[in-house]
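Chemist: sequence plus the predicted model coming up.
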Amino acid sequence: MTILEDILRQKKKEVEQLKKQPIVETPSANKPVQTVVHTFHNTDRMNIIAEIKRASPSKGSIDMEADPAEQAILYEACGAGAISVLTDEAFFKGSLDDLRAVRNAVDIPILCKDFVIDKVQIDHAKSAGASIILLIVAAMNPSKLSELYTYATRQGLEVLCEVHNEPEMETAIDLGADMIGINNRNLKTFDVTLSTTERLASMVVNPETILISESGIKTRDDVMETAKSGASGILVGETLMRSNNLQELFNELKIPLSEGGRSHAR
Ligand SMILES: O=P(O)(O)OC[C@@H](O)[C@@H](O)c1c[nH]c2ccccc12
């Protein structure tokens, strides 16, 4: 069994529990927030989606003591374009409470990073203050994906549609996803290859589609590589969580997009 199958089996059980729980609306969930699709199209530097990640199945503990609100305030001050909060508890040690705390602390868009397979998760994420929902193409069939995509969009949420390989990229393009995340991490082997971004980005011909390169990004050279492939955003977790000089790291990673960026190049 792959880790994704393992996670999805657990998620199905959680969804049944979630359906019985009342939806708690966080007052700050109604803060007006910019859409990332808009801001990422209009910046001349690499956009960073900075992730709050305590632990992961591939790395074990990363920073179990992290305070999500404090970390989010730092990310925002350093120039993050959005914050990703891992809300999965069983495998990533996060929670929707983390997301609520982040929503209270900052004004930038928030991505609810979870394995969404049911509308009820979207309802809970929205009430906790998420403005962006992750939909992983590998986690469901195309008709479910399309149903959840439409549902989230109608709620006024943005969707980051995540792909790992060519058939998944075709599905995301057919769906008309305006923001596609290319995960450089192979979910079966945990291997990270930045060239995944290049391979899959080349399939996208619509210049309006925002491409986000996800996972394994550590250095300015890594960011250059993703920008050359056409990414205008990067999703970074572990490197930021382990950094003790976030401002310096953000300055290093926020490269100008003028040379490699696809919105400028095409
Ligand atoms: O910590 P990294 O290697 O910078 O990766 C961040 C992010 O891409 C990764 O956490 C991620 C990408 N897609 C996901 C789906 C679910 C959980 C986690 C993820």
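Modeler: Done, it's in.

Chemist: residue 221 - how many residues pack around it?
Modeler: 11 (other CB atoms under 10 Å). Any C-beta I mention is one placed from the backbone N, CA and C, and that applies to glycine too.

Chemist: state the distance from it to residue 34.
Modeler: The spacing between residue 221 and residue 34, counted by CB to CB, to the nearest Å, is 30 Å.

Chemist: check residue 136 too.
Modeler: Distance from residue 136 to residue 34, counting by CB to CB: 24 Å.

Chemist: quick check: buried residues in the host helix or strand of residue 147?
Modeler: In the assignment (DSSP states H and E), residue 147 maps to helix 142-154. Neighbour-count burial for helix 142-154 flags 145-146, 148-149, 151-152 (criterion: 16 or more other CB atoms under 10 Å).

Chemist: who has more neighbours, residue 136 and residue 34?
Modeler: residue 136 (24 against 15).

Chemist: correct me if wrong: the more buried one contacts residue 113.
Modeler: No - Residue 136 is not in contact with residue 113 according to CB atoms under 8 Å; the separation is 9.9 Å.

Chemist: let me know the secondary structure of the nearest residue to residue 104 once chain neighbours are set aside.
Modeler: Excluding its sequence neighbours, the residue lying closest to residue 104 (CB to CB, 6 or more residues apart in numbering) is residue 28, at 4.9 Å. Here residue 28 is helix, with the state taken from DSSP: H, G, I helix; E, B strand; the rest coil.

Chemist: quick check: residue 28 touching residue 129?
Modeler: Yes - between residue 28 and residue 129 there is a contact under CB under 8 Å: 5.9 Å.

Chemist: can you tell me, leaving aside adjacent residues, what's nearest to residue 224?
Modeler: residue 255 (6.2 Å).

Chemist: run a quick neighbour tally on that neighbour.
Modeler: Using other CB under 10 Å, residue 255 has 19 neighbouring residues.

Chemist: and the strands in the stretch 51-200 of the chain?
Modeler: Taking DSSP state E, counting those that start in this stretch, the strands of the stretch 51-200 of the chain run over residues 55-56, 60-61, 82-86, 110-113, 132-136, 158-163, 179-183.

Chemist: and the ligand, is stretch 214-232 touching that?
Modeler: Yes - contact of stretch 214-232 with the ligand (CB under 6 Å from any ligand atom) involves 214-217.

Chemist: show me the residues you listed that map onto strands.
Modeler: Among these, the members falling in strands (DSSP state E) are residue 214.

Chemist: ok, back up a step: with neighbour numbers in mind, choose between residue 28 and residue 129.
Modeler: residue 129 (25 against 16).

Chemist: check residue 95 and give its pLDDT.
Modeler: The model reports residue 95 with a pLDDT of 97.

Chemist: same question, the one 4 residues further on
Modeler: At residue 99, the predicted lDDT confidence score is 98.

Chemist: please apply the same query to residue 244.
Modeler: With respect to pLDDT, residue 244 scores 95.

Chemist: please apply the same query to residue 264.
Modeler: Residue 264 carries a pLDDT value of 39.
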